[in-house]
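Undergrad: After the sequence you'll find the predicted model.
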Amino acid sequence: MAHPELTAAAALSAWLEHLAHERRLSPRTLEAYGHIGRHYLTFLERHRGESQRLADLGTVSAAEVRAHLAERRGGDHPLNSRSLSQTLSAIRTFHGFLDRRLDTPSPMVALVRGPRVKPTLPRPITEDQARGLLHEPEADPDLPPWEAARDRAVLTLLYGCGLRISEGLSLTRADAPVPETLRITGKGGKTRMVPVLPAVRSAVNAYLALLPFPLQPSDALFRARRGGPLSPRQVQAAVQILRGRLGLPDSATPHALRHSFATHLLGAGTDLRIIQELLGHASLSTTQKYTAVDAERLLGAYSAAHPRA
């Protein structure tokens with residue numbers, strides 16, 4: 001049923017509500033979509049010279065969408081091709097919602113083609129580099145022992161279980177001592193069971209033994225220096241310091257440990273579909289990127305070792 005008097009801003013809010021409650025997207029993804037949507041509506045109002053209503057969104061032309069993308073490519077904060085492609089995808093999704101739920105089709109939007117995006121491969125680190133990251137926190141004499149144990153536990157969890165940083169930090173005190181399998185809630189609210197290695201359980205137990213703060217079962221398991229929940233940014237900052245001390249490249253990030261988990265399993269002969277389940281990928285094509293990484297690694301080893309390469 002159409003709502004012609006609904007404002008464009010209200011239509012955007014309805015879309016974000018739909019994404020939050022029906023699609024169950026993460027807060028970070030919702031924030032990104034909201035940012036894209038507000039930029040888009042602001043452009044349309046400035047371009048058309050008046051505030052926009054739902055009915056107006058049904059008349060958006062392909063040229064207007066292209067003009068918006070061109071504007072986002074320039075300016076003070078220009079977007080690269082990958083971000084522009086994500087912007088166009090969000091705009092299409094928004095208009096698809098307006099068509100299906102608010103009876104306001106905008107067929108011209110489908111005519112807009114996004115920029116070509118060069119596919120990028122995951123950038124894992126080697127097994128030796130991963131081991132270095134896991135052990136380096138305890139080599140810092142200025143870091144309180146409980147914080148060193150915490151950093152090692154978090155990084156061991158990411159590498160040993162292949163978790164996203166948000167997944168690792170979502171664990172609560174009730175999740176520890178860590179069992180042999182963890183139920184992880186990933187992107188889109190999808191749950192998966194992840195086996196936990198003894199080394200991971202040992203690292204988490206060592207952290208708990210030194211943790212100076214009492215926790216309730218529902219409290220976040222990993223705590224910052226002053227007792228609040230540890231944030232992804234704090235983990236990223238810690239890894240930045242560690243990789244500087246170890247001389248590792250900038251690609252050695254917390255998320256690289258997840259990539260390394262997958263690549264090292266693949267190199268050991270693990271079936272791709274098992275890796276897909278462990279990582280929580282919705283599509284096997286996402287997981288298949290790791291086969292290209294492994295092939296690239298093998299080719300590099302061949303080139304270095306073969307006398308005629």
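TA: Everything's here; your move. Residues are numbered from 1 along each chain as shown.
Undergrad: now could you export just the CA positions of the host helix or strand of Phe43 as PDB?
TA: Element membership for Phe43 (DSSP states H and E) is helix 27-48. Once side chains and other backbone atoms are set aside, the C-alpha atoms of helix 27-48 remain, and they are given as PDB (Å, rounded to 0.1, in the frame of the first residue of the first chain):
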ATOM      1  CA  PRO A  27      24.700  -2.100  14.500                       C
ATOM      2  CA  ARG A  28      27.800  -1.400  12.500                       C
ATOM      3  CA  THR A  29      26.200  -2.300   9.200                       C
ATOM      4  CA  LEU A  30      23.100  -0.400  10.100                       C
ATOM      5  CA  GLU A  31      25.200   2.700  10.900                       C
ATOM      6  CA  ALA A  32      26.900   2.400   7.500                       C
ATOM      7  CA  TYR A  33      23.500   2.000   5.600                       C
ATOM      8  CA  GLY A  34      22.100   4.900   7.500                       C
ATOM      9  CA  HIS A  35      25.100   7.100   6.600                       C
ATOM     10  CA  ILE A  36      24.700   6.200   2.900                       C
ATOM     11  CA  GLY A  37      21.000   6.800   3.000                       C
ATOM     12  CA  ARG A  38      21.200  10.200   4.600                       C
ATOM     13  CA  HIS A  39      23.900  11.300   2.100                       C
ATOM     14  CA  TYR A  40      21.700  10.100  -0.700                       C
ATOM     15  CA  LEU A  41      18.600  12.000   0.500                       C
ATOM     16  CA  THR A  42      20.500  15.100   1.200                       C
ATOM     17  CA  PHE A  43      21.900  15.000  -2.400                       C
ATOM     18  CA  LEU A  44      18.400  14.600  -3.900                       C
ATOM     19  CA  GLU A  45      17.000  17.500  -1.900                       C
ATOM     20  CA  ARG A  46      19.800  19.700  -2.900                       C
ATOM     21  CA  HIS A  47      19.700  18.600  -6.500                       C
ATOM     22  CA  ARG A  48      16.000  19.000  -6.800                       C
END
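Undergrad: what residues does that helix touch?
TA: For helix 27-48, the surrounding residues in contact (Cβ atoms under 8 Å, 6 or more residues apart in numbering) are 8-9, 12, 15-16, 19-20, 25, 51-52, 56-57, 60, 64, 67-68, 71-72, 86-87, 90-91, 93-94, 166, 187. C-beta coordinates here come from the backbone N, C-alpha and C atoms, glycine included.
Undergrad: ok, of the residues you listed, which come out buried?
TA: In these, burial by neighbour count holds for 8-9, 12, 15-16, 19-20, 25, 52, 56-57, 60, 64, 68, 72, 86-87, 90-91, 93-94, 187, counting by 16 or more other Cβ atoms under 10 Å.
Undergrad: Asp76: how many residues sit nearby?
TA: Number of residues near Asp76 (other Cβ atoms under 10 Å) recorded here: 4.
Undergrad: pretty sure it is in a strand, no?
TA: No: according to DSSP: H, G, I helix; E, B strand; the rest coil, Asp76 belongs to no strand; its state is coil.
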